[in-house]
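> Structure here, sequence nowhere to be found:
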C-alpha cells in the first residue's frame with residue numbers, strides 16, 4: 001500500500017503546528033497568574049492547543065482549502081491517544097522549561113507544550129491514516 005502525501009496534508013500539518021504553538025503560548029499567558037503549578041499549566045496549555053489546532057486544521061483544510069482524509073470519523077480510541085500525546089508533549093515542554101527562568105520562560109513553555117503536543121498528534125494521525133487503508137492526498 002502506497003501512501004501519498006500532498007499539498008493539503010502538508011498545509012494541514014503546518015496549520016496544526018503553528019496554531020498549536022500560538023494557542024499554547026496564549027493559554028499559558030492566561031493561566032500563569034492563577035496560582036496553578038507549572039506542570040498543570042503546561043498540560044492544560046498543551047491540551048487546549050491540540051484541540052484548537054485540530055479544529056483549525058479541520059476548518060481550513062477540509063472545509064475550505066482542499067481535499068484530504070476525512071478526520072470526522074476518527075474512532076474514539078485515536079482521540080484517547082491524542083489526549084495521551086498531549087500530556088506527553090506538555091510534560092516534555094515542562095522539563096525543557098526547567099532550564100529557563102522568568103515570564104518569558106513560562107510563555108516559551110506554553111508554546112513548546114502546544115508544539116510538542118501537536119507534533120505527537122500529527123504523527124498519530126499520519127500513523128492512523130497509513131494503517132487504516134486511507135490514502136493521504
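Cool, got the structure. Please read all numbers here as calculations on a predicted model, not as lab measurements.
> Every contact and neighbour count from this point should use C-alpha atoms.
Will do.
> Okay, buried residues for stretch 19-39 please.
19-29, 31-32, 38-39 (16 or more other C-alpha atoms under 10 Å).
> what about it, average pLDDT?
If you average the pLDDT over stretch 19-39, you get 91.
> Just give me the neighbour total for the closest residue to residue 23 other than its chain neighbours.
In this structure, residue 23 finds its nearest non-sequential neighbour in residue 49, 5.0 Å apart by C-alpha to C-alpha, 6 or more residues apart in numbering. Residues lying near residue 49 (other C-alpha atoms under 10 Å) number 32.
> Name the residues of the helix or strand residue 49 falls within that come out as buried.
In the assignment (DSSP states H and E), residue 49 maps to helix 38-57. Buried residues in helix 38-57, defined by neighbour count with 16+ other C-alpha under 10 Å: 38-39, 41-54, 56-57.
> go on, stretch 82-102?
Applying 16+ other C-alpha under 10 Å to stretch 82-102 flags 82-94, 97 as buried.
> contacting residues around that stretch?
38-39, 42-43, 45-47, 50, 105-106, 108-110, 112-118, 120-121, 124 (C-alpha atoms under 8 Å, 6 or more residues apart in numbering).
> do the same with stretch 113-131
The contact list for stretch 113-131 (C-alpha under 8 Å, 6+ apart) reads 3, 13, 16-18, 20-25, 42-43, 45-50, 53, 69, 78, 81-82, 85-94, 135-136.
> quick revisit: mark which of the buried residues of stretch 82-102 are part of helices, please.
Using DSSP state H, the subset of those located in helices is 82-94, 97.
> what two of those are the furthest from one another?
82 and 97 (22.3 Å; C-alpha to C-alpha).
> Strands of the protein, residue ranges please.
Read by DSSP state E, the chain holds no strands at all.
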